[in-house]
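Chemist: Sequence plus predicted model, see below.
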Amino acid sequence: MGTPLLEPVNIGFAELHIATLMPMLIAIGGGLLILVLDLMKDKLDKSLYVMFTILILLVDLGSVLGLEYQNGFFDVLLIDGLAILAQVTILVGSMLFIPLALTSKRFHEYSYPEFFALFLFMVAGFQFMVSSDNLILIFVGLETASLSLYTLIALHNRANSFEASVKYFTMGALSAGFFAMGSAVLYGLSGSLELNQISVALQSRMDEAGVMFLILGGASMLLVAFAFKLSLFPFHTWAPDVYEGASSPLAGFMSVVPKLAAFVVSMRIFEMFIALNIDGVQEIILCLSVVTMTIANIMALVQEDVKRMLAYSSISHAGFVMAAVALATVKANSSIFLYYGLFMFTNLGAFTMLWVSRHKDTVHHTRFDHPYEKFAGMIKIMPVGAVVMALFMLSLAGVPPFSVFWGKIYIMSASVDSGYLWLAVVMGLNSAISAYYYLKLIVYMFLKEPTDMVTKEITYYNVSKPLLTILGLAVFVTVGSMFYVDPLLETITEMIKQSGIGFN
């Protein structure tokens, strides 16, 4: 007698909950449609692709807001408060970035329909990442987004853009390898790739000989993978070069949206280990966080280029937020979304201001496009631009009452509530250090005389109505956030509580 065959399981279409997959399908379908349009009609105006991409993102956002909390598509998709919050933030950040394509024609990458198709594929990858607790689907989303992003950087078509793309690809390949190895270890221990099932299996096996060593090994490999993606010390060295090689708005986008997606996955994975009371995981993440924010701040102090300074600044902010992941409380997790929701407008606005002042030739410095000297006397040449840039710098420094201050203060409050007073003190000291290099740019803009090579024509070269609109929106959120912080935080907290992530 042979082994009896397993009876087939009939799954109805309604039981698949295809609606949970719709946001990603909309983004992927939109990207494919752009490519088909290009095949049918060559050399369409780029404004058509911009408007179509924004329309796709709006439809995508509407489908996300209409989702119900549920599992879907063979239970590999997890739609909870965390997933919806993350998708909304990703789509809003994407809609802020895309209109910046309506600027000078010499930024040729925005003339290619492939740019917008790849961008939508990247957004879909991020949505898959944040909407699943299945390690395979997280990996597929991570690689889909990363492969698209590598190409978007290279499309800038400068020598340092190709270098940046290759560096990012190399670091991404290492990250993918560590993620695959860490996932394999967890699968070997638990027989599952679903995080909730892994948690149950590990709980029952923690007393077995050698199992704790394997758990720590798997957790360490996953932590290294996400340290690459989040540019945490000592895996941060690629970030300044990649940001420098990418166009300024894309660098601003990279400093927010990909990192938020990685933070959401980090919350799901590492807070599982912390909830299991696995010794060492929380301490390692806290140490990584403190060292990252401190080293990045020290490196930012000695930068000669404003873009590289902002790159190290973004690394420091990532270290700041990683501390909230280690705290693993509802308040800390809520503060992550508040922080990055406000940081998104401010940082993208700061990088966009670099684009306003960019010109074709490096006339101020043989090595850098954005040395501090280029901004000297900006208040006399472009007074509104100088005030706007100063506002962004003060917000990034955490000066009250501007937007990023509220994100920082809530993370510090969560640290004190969790009994980590020393961590709040370290955060405060790092904020004080960071104020120096942010104020350095303000000093150049307001207190120094403009150089002979700074002209009004160069400064206003890239200003366009879409760009001014995005900058105006960034300024509005940076200043106006103080009036809406508490209601926003309450909404975020309710959605985090629903997802069951973090301790009360």
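Modeler: Nice, thanks for sending it over. Numbering: from 1, shown residues only.

Chemist: quick one: low-confidence parts of the chain?
Modeler: Along the chain, the model assigns pLDDT under 70 to residues 1-16, 103-110, 157-159, 356-369, 451-464, 502, 504.

Chemist: any idea which helix is longest in it?
Modeler: The helix that spans the most residues within the chain, counting by DSSP state H, is helix 159-190.

Chemist: Show me how far that helix is from its chain's centre.
Modeler: Mean-position distance between helix 159-190 and its chain equals 17 Å (CA atoms, centre = their mean, to the nearest Å).

Chemist: Helix or strand next in line after it, which one?
Modeler: helix 195-205 (DSSP states H and E).

Chemist: If we go by neighbour counts, what in the helix or strand just after that following helix is buried?
Modeler: Sequence order places helix 211-229 as the next helix or strand after helix 195-205, per DSSP H and E. For helix 211-229, burial by neighbour count (16 or more other CB atoms under 10 Å) applies to 212, 214-216, 218-229. Every residue, glycine included, has its C-beta placed from N, CA and C.

Chemist: from those, which is closest to Met495?
Modeler: Comparing those against Met495 with CB to CB picks out Phe226 as the nearest, at 22.4 Å.

Chemist: okay, the angle between the longest helix of the chain and helix 195-205?
Modeler: Using axes from the mean of the first three to the mean of the last three CA atoms, to 10 degrees, the direction of helix 159-190 lies 50 degrees away from that of helix 195-205.

Chemist: rewinding a little: ok, the buried residues of helix 211-229 vs Val325, which is closest?
Modeler: Out of the buried residues of helix 211-229, the member with the shortest distance to Val325 (by CB to CB) is Phe226, at 9.4 Å.

Chemist: name the element the residue nearest to the closest one when sequence neighbours are not counted belongs to?
Modeler: Residue nearest to Phe226 in three dimensions, not counting chain neighbours: Ser266, with 5.1 Å by CB to CB, 6 or more residues apart in numbering. Using DSSP H and E, Ser266 sits in helix 257-275.

Chemist: Check which element follows that helix along the chain.
Modeler: Sequence-wise, the next helix or strand downstream of helix 257-275 (DSSP H and E) is helix 281-301.

Chemist: Mind listing what's buried along that next one?
Modeler: 281-282, 285-286, 288-290, 292-297, 299-300.

Chemist: do stretch 22-33 as well
Modeler: For stretch 22-33, the neighbour count (16+ other CB under 10 Å) marks Met22, Pro23, Met24, Ile26, Ala27, Ile28, Gly29, Gly30, Gly31 as buried.

Chemist: Check stretch 171-191 too.
Modeler: 171-172, 175-176, 178-179, 182-183, 185-187, 189-190.

Chemist: Run the chain-centre distance for that stretch.
Modeler: 22 Å.

Chemist: Contacts for it next, please.
Modeler: 135-136, 139, 142-143, 146, 150, 193, 197-198, 200-202, 205, 211, 214-215, 217-222, 224-226, 228-229, 235, 238 (CB atoms under 8 Å, 6 or more residues apart in numbering).

Chemist: go with 7 Å
Modeler: Residues outside stretch 171-191 that contact it (CB atoms under 7 Å, 6 or more residues apart in numbering) are 135, 139, 143, 146, 150, 193, 197-198, 201-202, 205, 211, 214-215, 217-218, 221-222, 224-225, 228-229, 238.

Chemist: Please apply the same query to stretch 37-44.
Modeler: Under CB under 7 Å, 6+ apart, the answer for stretch 37-44 is Pro113.

Chemist: Was I right to think Met293 contacts Ser316?
Modeler: Yes: contact criterion CB atoms under 7 Å: Met293 and Ser316 qualify, at 4.8 Å.

Chemist: Report the set of residues contacting both of those two.
Modeler: Asn430.

Chemist: how much space is there between Gly182 and Val224?
Modeler: 8 Å (CB to CB, to the nearest Å).

Chemist: An error on my part: the question was meant for Tyr410.
Modeler: Counting by CB to CB, the gap from Tyr410 to Val224 is 28 Å.

Chemist: Met445: neighbouring residues, count only.
Modeler: Using other CB atoms under 10 Å, Met445 is surrounded by 25 other residues.

Chemist: Kindly report the same for Ser199.
Modeler: Using other CB under 10 Å, Ser199 has 17 neighbouring residues.

Chemist: show me the contacts for it.
Modeler: Met272, Leu276.

Chemist: three-state assignment of Ser132?
Modeler: coil (DSSP: H, G, I helix; E, B strand; the rest coil).

Chemist: ok, it - contacts?
Modeler: Val76, Leu77, Leu78, Ile138.

Chemist: Switch the residues you listed over to CSV; also include neighbour count.
Modeler: Below are the contacts of Ser132 laid out as CSV (neighbours: other CB atoms under 10 Å):
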residue, neighbour count
Val76, 20
Leu77, 24
Leu78, 23
Ile138, 25
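
Chemist: Run the angle between the longest helix of the chain and helix 211-229 for me.
Modeler: Going by the same axes, to 10 degrees, helix 159-190 makes 160 degrees with helix 211-229.

Chemist: residue boundaries of the strands in this protein?
Modeler: 70-72, 77-79 (DSSP state E).

Chemist: No further queries at this time; thank you.
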